[in-house]
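generate coordinates for the sequence data below:
(2 chains, ligands or ions: 2)
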Amino acid sequence: MNIAIRSLLEVQETSLLVWRAARRLFRRPTYFNEMIAQMDVIGVGSLTIIVLTGFFTGGVLTLQTFPTLKYYGAQDQTGFLVALSLVRELGPVLTALMVTGRVGSAISAELGSMVVSQQIDAMRALGTDPVRKLVAPRLVALFITLPLLTVAADVVGIVGGGAVATTLYGQSASTFLSSVRYGITFDDMIGGVIKPLVFALILGSISCYKGLSTDGGTVGVGRSTTSAVVTSSIVVIIADFFLAKALQVILDMPGT
Amino acid sequence: MASTDIEISQDPDAPTEDNRVSAAAAESTFAAEDDSERITPAIEFRDVHLAFDDRKVLDGLSFTVAKGETKIILGGSGCGKSTTIKLVLGLLKPDAGQILVNGEDITHYTEAEMMRVRKNFGMVFQEGALFDSLSVYENVAYRLHEQGIPEEDVEQEVRRMLRFVNLEDAIDKMPAELSGGMRRRVGIARALVGGPTIVMFDEPTAGLDPPTARTICELAIKLRDLEDVSSIFVTHEMNNVEYLSREFAAVNDAGEVIFEQEGERLCLINTKLLMMKEGNIIFSGTDEMLKKTEDPYIKKFLRGH
Ligand SMILES: Nc1ncnc2c1ncn2[C@@H]1O[C@H](COP(=O)(O)OP(=O)(O)OP(=O)(O)O)[C@@H](O)[C@H]1O
Ligand SMILES: [Mg+2]
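Ligands and ions are numbered 1, 2, ... in the order given. Coordinates of the predicted model:
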């Protein structure tokens, strides 16, 4: 009971934080430079791990599905299967989880240490709203970079899948690619971009909220960082299920 | 209440716009408009209560800081001094009671409304609270950058402030490279940039060598006497109390700022002391009164044993 109320309260506080960030986004001064800096940190900085994640995920997908498909004589469909899994599910979810681990933790640790060292108080005392200066640029940066990172993961994943199919299983690159093109629809791509937008909102707002609500000194920073990563990851995975269902209905995708 | 001060910068016979002044007001030392301005305290606490969880920190605190007055707050560690200062800035909200700044009741102001009020405030945090991702220059310039002031003006002002606190050499350093006392001084420079009219000093001289501590006190005296700044000055150092309540700043004929002891010529009335104990005020008055008090706790506090 107590936990339920507390979680509801946190959901409310988190939504309020997003609302406050969104409402003041366009009021002067706009922290445009902060946004660019954050996009660099979040987007460019995460590219390496996203490329690695994507490549090997695509590779392992081929590795596991090719023999099975071959058993049914459907090995020409490998590209289709790999691409579909990546674009619809693994690309968005794995990217969100990797970014949560790398960026979500950094955000809540940074904001948390600013709280315990009174830098947030100092900022407020100097007449700056920390929500506008710190939260809004991070949310915007995530909003812009997470879909891009997801697309990068998808593309690199397909390349990885293709690499395994051609080198390990001797499939021709053109067979693989044409089945990829056959399999992916425009709706899949739309869904593959809507998901990261929602995930960006989830992981950004949870990490910022956990960071700003830190108390209890250095130990508290550790606590809120852990909690930010764990909560964001779980909420992303749960939200993914409901988003998948919603997208099926909205975009009228096959599978229903 | 209208406790100004030594009349260095003020002309008591300034012409008044309001001709319908009552006889009583006209007889006062101040011009009428000045009077009504002056009568509103810069800061006023009315029966303020605050508890963290179930631990009562402030228990019905009431006091005022008049315009141009410096209020020195004394009190043992953990008695709620820093908390009091944070309440003035709206960084914390009281559980009950009222807080007024320049006659405006800020108790229930939202964060957005507080931002406007805070433009007049400078705050020196006990722990410095420097932005550790910004250099010393950027820290001090923070407020000016936020206001979008041209960079040349910013640089000039920042250098001037850093010279005040004797730290011009450290301008390009990062906070992590500074000693504790240097951080404190950067914090002071940051708080005073932009000419705030109300300044909170939370133990600004703790851990500083005596000459630097003296410089900080002189800074506070100058702000009080020459720029008519109201302030709260939390300290544990009795020599700070001595400086602030015995000396005043004036500008001599050569245009230099000089510090003089109060004496026959004038008596300093713009500095008052407040002593807190467990969230209550146990003493309020001048330093002479504090020295004469018979209260055993205060006596022990002053003597240190
Ligand atoms: N965020 C907080 N949560 C819980 N208790 C707090 C918090 N901040 C302060 N306190 C408590 O409030 C009391 C007053 O703290 P405050 O910082 O105002 O003391 P102080 O008078 O400034 O002491 P010092 O001279 O040591 O700086 C202390 O007992 C402290 O434990
Ligand atoms: Mg304190």
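
below-threshold pLDDT in chain B: ranges please.
Applying pLDDT under 70 to chain B flags residues B:1-38, B:264-267.

near ligand 1, which residues of it?
Neighbours of ligand 1 within chain B, by C-beta under 6 Å from any ligand atom: B:52, B:57, B:75, B:77-83, B:126. Placement of C-beta: from N, CA and C, glycine included.

closest to ligand 2 out of the residues you listed?
residue B:82 (3.1 Å; C-beta to the ion).

tell me what the one helix or strand the closest one maps to is packed against?
Secondary structure assignment for residue B:82, by DSSP states H and E: helix B:81-88. Under the contact criterion of 3 or more C-beta pairs under 8 Å, 6 or more residues apart in numbering or on different chains; DSSP states H and E, helix B:81-88 touches strand B:43-52, strand B:55-65, strand B:70-75, strand B:96-101, strand B:198-202, strand B:230-234.

which ChimeraX command selects the buried ones in the residues of chain B next to ligand 1?
In ChimeraX, this line selects whichever of the residues of chain B next to ligand 1 come out buried by 16 or more other C-beta atoms under 10 Å in any protein chain shown:
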select /B:57,75,79,80,81,82,83,126
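
how about the residue nearest to residue B:277 when sequence neighbours are not counted, secondary structure?
In this structure, residue B:277 finds its nearest non-sequential neighbour in residue B:79, 5.7 Å apart by C-beta to C-beta, 6 or more residues apart in numbering or on different chains. Judged by DSSP: H, G, I helix; E, B strand; the rest coil, the three-state class of residue B:79 is coil.

just read off the phi/psi values of the residue most central in space within chain A.
Central residue of chain A (C-alpha atoms, centre = their mean): residue A:96, 2.2 Å from the mean position. Dihedral angles phi and psi of residue A:96 (degrees, to the nearest 10) take the values phi -60, psi -40.

which non-adjacent residue is nearest it?
residue A:199 (3.8 Å).

relative to residue A:104, how far out is the one you found?
11 Å (C-beta to C-beta, to the nearest Å).

neighbour-wise, which of those two wins?
Remark: of residue A:199 and residue A:104, residue A:104 carries more neighbours, 32 against 28, as counted by other C-beta atoms under 10 Å in any protein chain shown.

so that one, which state does it fall into?
Residue A:104 - assigned by three-state DSSP - is helix.

run a quick check on it versus residue A:230, I expect a contact.
No - in this structure residue A:104 lies outside contact range of residue A:230 using C-beta atoms under 8 Å: 10.0 Å.

what segments of the chain are helices?
Here I'm looking at chain A. For chain A, helices defined by DSSP state H occupy the ranges A:2-23, A:32-39, A:45-71, A:78-85, A:91-99, A:105-116, A:119-125, A:130, A:136-167, A:173-183, A:186-212, A:217-251.

that was the other one, I meant chain B.
Under DSSP H, chain B gives helices at B:23-27, B:32-39, B:81-88, B:111-118, B:136-146, B:151-164, B:180-192, B:210-226, B:238-246, B:287-292, B:296-303.

so which of those is nearest ligand 2?
helix B:81-88 (3.1 Å).

now that closest one: how far from the chain's centre is it?
A distance of 12 Å separates the centroid of the chain from that of helix B:81-88, by C-alpha atoms, centre = their mean, to the nearest Å.

can you check stretch B:247-258 too?
21 Å.

mind listing what's buried along it?
B:247-249.

got the contact list for stretch B:78-92?
Under the contact criterion C-beta atoms under 8 Å, 6 or more residues apart in numbering or on different chains, stretch B:78-92 has outside partners A:121, A:124-125, B:43, B:45, B:48, B:50, B:57-58, B:61, B:73, B:75, B:93-94, B:99, B:101, B:106, B:109, B:111, B:114, B:117-118, B:121, B:123, B:126, B:198, B:200, B:202, B:232, B:234, B:276-279.

can you do 6 Å?
A:121, A:125, B:43, B:57-58, B:73, B:75, B:94, B:99, B:106, B:114, B:121, B:123, B:126, B:200, B:202, B:234, B:276-279 (C-beta atoms under 6 Å, 6 or more residues apart in numbering or on different chains).

for the residue lying closest to residue A:210 once chain neighbours are set aside, give its distance to ligand 2.
Among residues not flanking residue A:210 along the chain, residue A:228 sits closest, at 3.8 Å (C-beta to C-beta, 6+ apart). Counting by C-beta to the ion, to the nearest Å, the gap from residue A:228 to ligand 2 is 30 Å.

wait, what's in contact with residue A:228?
Here residue A:228 is in contact with A:104, A:108, A:206-207, A:210 (C-beta under 6 Å, 6+ apart).

and with 8 Å instead?
A:104-105, A:107-108, A:206-207, A:210-211.

for ligand 1, what's its nearest residue on the stretch 101-250 of chain A.
Here the stretch 101-250 of chain A gets closest to ligand 1 at one residue, residue A:215, 6.7 Å apart by C-beta to the nearest ligand atom.

dihedrals phi and psi, that residue?
Taking degrees, to the nearest 10 as the convention, residue A:215 sits at phi -140, psi 160.

list the contacts of it.
Contacts of residue A:215 by C-beta under 8 Å, 6+ apart are A:115-116.

can we see that at 10 Å?
When contacts are counted by C-beta atoms under 10 Å, 6 or more residues apart in numbering or on different chains, residue A:215 touches A:112, A:115-116, A:221, A:223-224.

between all of these, which two are separated the most?
A:115 and A:223 (12.2 Å; C-beta to C-beta).

tell me, what's touching the two both at once?
A:214-215.

these two: who's more crowded?
A count of neighbours by other C-beta under 10 Å puts residue A:115 above the other of residue A:115 and residue A:223, at 21 against 16.

ligand 2 versus the more buried one, what's the distance?
17 Å.

residue contacts, that residue?
Residue A:115 sits in contact with A:121, A:130, A:211-215, A:217, A:220-221, A:224, where contact means C-beta under 10 Å, 6+ apart.

looking at those residues, which is nearest residue A:149?
residue A:211 (21.2 Å).

what about the nearest residue to residue B:223 once chain neighbours are set aside, neighbour count?
Leaving aside its sequence neighbours, residue B:223 sits nearest to residue B:229 (C-beta to C-beta, 6+ apart; 4.0 Å). A count of neighbours around residue B:229, defined by other C-beta under 10 Å, yields 23.

re earlier: give me the common contacts of residue A:104 and residue A:230.
Joint contacts of residue A:104 and residue A:230 (C-beta under 10 Å, 6+ apart) are A:206, A:210.

who are the contact partners of residue 238?
I'll assume chain A. residue A:202.

try again with chain B
B:74, B:287, B:290, B:301-304.

follow-up on the earlier one: pLDDT value on the residue nearest to the centre of chain A, please?
pLDDT for residue A:96: 95.

quick one: it from ligand 2, how far?
For residue A:96, the distance to ligand 2 - C-beta to the ion - is 42 Å.

for the stretch 51-200 of chain A, list the residues in contact with ligand 1, please.
Counting by C-beta under 6 Å from any ligand atom, no residue of the stretch 51-200 of chain A is near ligand 1.

what residues of stretch B:284-302 count as buried?
B:284, B:287, B:290, B:298, B:301.

rebuild those as CSV, extending it with distance to residue B:187.
Output for those, formatted as CSV (distance: C-beta to C-beta, whole Å):
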residue, distance to residue B:187
B:284, 28
B:287, 26
B:290, 28
B:298, 30
B:301, 26
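
residues contacting the residue of chain A most remote from its centre?
In chain A, counting by C-alpha atoms, centre = their mean, residue A:73 sits farthest out from the average C-alpha position, at 35.8 Å. With contacts defined as C-beta under 10 Å, 6+ apart, residue A:73 has no neighbours.

angles on the backbone of it, please.
Torsion angles, degrees, to the nearest 10, at residue A:73: phi 70, psi 20.

could you measure it against ligand 2, distance?
Taking C-beta to the ion, one finds residue A:73 at 77 Å from ligand 2.

just to revisit the earlier point, nearest to residue A:236 among the helices of chain B would be which one?
Comparing those under C-beta to C-beta, the one sitting nearest is helix B:111-118, at 29.7 Å.

now check the closest one, is it near chain A?
Yes - residues of helix B:111-118 contacting chain A under C-beta under 10 Å from any C-beta of the partner chain: B:111-112, B:114-118.
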